[in-house]
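>>> All I have is the shape, not the residue letters:
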């Protein structure tokens, strides 16, 4: 029997505001426990929340960027449940009247484009965090994160493979980063994802029993967890078993899912409108003003890179996947004027050395990369020497001119200086010279290599080829 995978994602994006959603406490990460708290976010009796306008603005931005409907009338609700890191005993969220609905994004997997629907987005406050002690069976509560603004983005169950889920997650992450409304740091918890996954026989419309995956703190883990769960569910179904509805945790060390809660039914959160917050009414003029302020988004920027810079689709897709990477590319192009050369160096040398780290951590500024490539174009250094200079720049952050001067790497282009060495190499290799004259033209690489060895790679390759061609054909 063949099965079809059905996946839907719930993404929690921490909005990049300086203060919390209903109070003035800082949202800065890494502060001492319980230092960014006040009576409002601690849920003290008699306090009243005040909505942060930036949270509404950022939510509208994300809605517009995903071709969604912005609801002019939306409302906060209380989501009631009890947990040690929820001081009020309820979470202020949105339920039947969210701020954003009916959106979509396009993803590309295996050369095919697919539209993934977005059911809704809603504003809510984050809960605190439990800190577990490894030495004794106690837990501590850090409420710094309590009240941090979140935008929950709920997709339709439109994804049919872990690859599609990965592509969708990447696309949402990129849009949030382009809009500069979320830093997207999964390790710090500012971009979190839960996945609902089920299998059903091909052709069946009714959804299968789902499991919910949590505790996935990287793109790689999301894909790995979904792939594992597809295999696990398929094996159970092929053996004639039934899937148990459950919440599962991903164990990245053991590469498997573990049960967190089983036989789970629909939660009764007893939602009701929050009596402390009036409904949010959004004027069309404000929405249009925000629309005009939107930056160029990933898909549009990729298309421009192809048309304006004549980059291959693949290169443009990689370079625009991150706003920081795309900005770096354009700054380097402005510096040296050669888009294709900048793209080649970024796609090979730069991304290899970054090893998955964000380009903002790179010691080489885009203007420095542009200057290095200009030195190649001017013949100051060879492409081979440039790679040595590049590695030194990555380690030290120095300008290319400084590195070249310190290590005496300036390219030798003077014919008179190179001619004596060329003639001596030919005299030292009479058999190869005779073979070259006999028609073995590939030996040119051998002769140029000998010269490069003597000059420690500093000989101008073009001048070297011209000199050998002239001297060998006498």
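It's in. Keep in mind that what you see is a predicted model, and the values were worked out from it rather than measured.
>>> can we go C-alpha only for contacts and neighbour counts from here?
Noted.
>>> what's the distance between the helix or strand harbouring residue 419 and the middle of its chain?
Here residue 419, judged by DSSP states H and E, is contained in helix 415-428. If you compare the mean C-alpha spot of helix 415-428 with that of the full chain, they lie 52 Å apart, counting by C-alpha atoms, centre = their mean, to the nearest Å.
>>> The helix or strand just after that helix - contacts with which helices or strands?
Going down the chain from helix 415-428, the next helix or strand is helix 430-437, by DSSP H and E. Packed against helix 430-437 by the contact rule (3 or more C-alpha pairs under 8 Å, 6 or more residues apart in numbering; DSSP states H and E) you find helix 461-472.
>>> which helices and strands sit right next to the helix it packs on?
Under the contact criterion of 3+ C-alpha pairs under 8 Å, 6+ apart, the helices and strands touching helix 461-472 comprise helix 415-428, helix 430-437, helix 444-454.
>>> Could you check these and tell me which one is nearest residue 345?
For those, proximity to residue 345 was assessed by C-alpha to C-alpha; helix 444-454 is nearest, at 22.4 Å.
>>> I'd like the next helix or strand past the lengthiest helix in the chain.
Within the chain, and with DSSP state H defining each element, the longest helix by residue count is helix 219-238. Going down the chain from helix 219-238, the next helix or strand is strand 246-251, by DSSP H and E.
>>> Show me which residues of that next one are buried.
Within strand 246-251, the residues scored as buried using 16 or more other C-alpha atoms under 10 Å are 246, 247, 248, 249, 250.
>>> could you measure the last one against residue 112, distance?
In this structure, residue 250 and residue 112 are 29 Å apart, going by C-alpha to C-alpha, to the nearest Å.
>>> can you pull out the strands in the stretch 151-300 of the chain?
For the stretch 151-300 of the chain, applying DSSP state E, counting those that start in this stretch gives strands covering 191-201, 211-216, 246-251, 256-262, 272-273, 280-281.
>>> Return the helix or strand in this protein with minimum mean pLDDT.
Least confident helix or strand, the chain: strand 256-262 with a mean of 78, by mean pLDDT, DSSP states H and E.
>>> That strand: partners in the sheet, and parallel or antiparallel?
Looking at strand 256-262 with DSSP bridges, its partner strands are strand 246-251 (antiparallel).
>>> just the angle between the helix holding residue 419 and helix 444-454, please?
120 degrees (axes from the mean of the first three to the mean of the last three C-alpha atoms, to 10 degrees).
>>> a strand runs through residue 130, doesn't it?
Yes - membership of residue 130 in a strand is supported by DSSP: H, G, I helix; E, B strand; the rest coil.
>>> ok, back up a step: show me what counts as buried in the least confident helix or strand of the chain.
Residues 256, 257 are the ones in strand 256-262 that count as buried (16+ other C-alpha under 10 Å).
>>> Would you confirm that residue 259 contacts residue 245?
No - at 10.2 Å, residue 259 and residue 245 do not qualify as touching, with contact defined as C-alpha atoms under 8 Å.
>>> Domain-wise, how is this protein divided?
Per the record's domain assignment (automatic domain parsing), the chain is made up of the domains 3-286, 296-406, 415-472.
>>> picking that back up, can you tell me what sits against the helix holding residue 419?
By C-alpha atoms under 8 Å, 6 or more residues apart in numbering, the surrounding residues in contact with helix 415-428 are 412, 433, 447, 450, 451, 459, 463, 464, 467, 468, 471, 472.
>>> For residue 340, give me its contacts.
Residues near residue 340 by C-alpha under 8 Å, 6+ apart: 309, 310, 311.
>>> element containing it?
Element membership for residue 340, per DSSP H and E: helix 339-345.
>>> and residue 36, which of the three is it?
Here residue 36 takes the coil state, with states given by three-state DSSP.
>>> And it, how close does it get to residue 29?
Relative to residue 29, residue 36 is positioned 10 Å away (criterion: C-alpha to C-alpha).
>>> Same question for residue 201.
Noted for residue 201: a distance of 45 Å to residue 29, by C-alpha to C-alpha.
>>> ok, these two, which is more surrounded?
Neighbours of residue 201 and residue 29, each counted by other C-alpha atoms under 10 Å, are more numerous for residue 201; the result is 15 against 12.
>>> Next, the contact list for the closest residue to that one other than its chain neighbours, please.
Residue nearest to residue 201 in three dimensions, not counting chain neighbours: residue 3, with 4.4 Å by C-alpha to C-alpha, 6 or more residues apart in numbering. For residue 3, the set of contacting residues under the criterion of C-alpha under 8 Å, 6+ apart consists of 199, 200, 201, 202, 234.
>>> Please verify my assumption that the second one contacts residue 160.
No - with contacts counted by C-alpha under 8 Å, residue 200 stays clear of residue 160, the gap being 10.9 Å.
>>> hey, what's in contact with both of the two?
Common neighbours of residue 200 and residue 160, using C-alpha under 8 Å, 6+ apart, are 4, 5, 6.
>>> Reformat the strands of the stretch 151-300 of the chain as TSV; add distance to residue 177.
Formatted as TSV, the strands of the stretch 151-300 of the chain follow (distance: least, C-alpha to C-alpha, whole Å):
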stretch	distance to residue 177
strand 191-201	11
strand 211-216	19
strand 246-251	26
strand 256-262	30
strand 272-273	32
strand 280-281	25
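>>> Compare those strands and say which comes out lowest on pLDDT.
If the strands of the stretch 151-300 of the chain are sorted by mean pLDDT, strand 256-262 sits at the bottom with a mean of 78.
>>> Would you mind getting the angle between that one and strand 211-216?
Going by the same axes, to 10 degrees, strand 256-262 makes 120 degrees with strand 211-216.
>>> now the angle from strand 256-262 to helix 219-238?
In this structure, strand 256-262 runs at an angle of 70 degrees to helix 219-238, with the same axes, to 10 degrees as the basis.
>>> Contacts for strand 256-262, please.
With contacts defined as C-alpha under 8 Å, 6+ apart, strand 256-262 is touched by 225, 228, 229, 244, 245, 246, 247, 248, 249, 250, 251.
>>> Just give me the closest of the residues you listed to residue 382.
Within the contacts of strand 256-262, proximity to residue 382 (C-alpha to C-alpha) peaks at residue 225, which comes in at 46.3 Å.
>>> what's near enough to touch the residue lying closest to the closest one once chain neighbours are set aside?
Spatial nearest neighbour of residue 225, excluding adjacent residues (C-alpha to C-alpha, 6+ apart): residue 250 at 6.2 Å. By C-alpha under 8 Å, 6+ apart, residue 250 lies in contact with 213, 214, 215, 216, 221, 225, 256, 257, 258.
>>> bridging residues for the second one?
By that I understand residue 214. With DSSP bridges as the rule, residue 214 is bridged to residue 249.
>>> isn't it right next to residue 195, touching?
Yes - Residue 214 lies in contact with residue 195 (C-alpha under 8 Å); the separation is 6.9 Å.
>>> I am finished for the moment; much appreciated.
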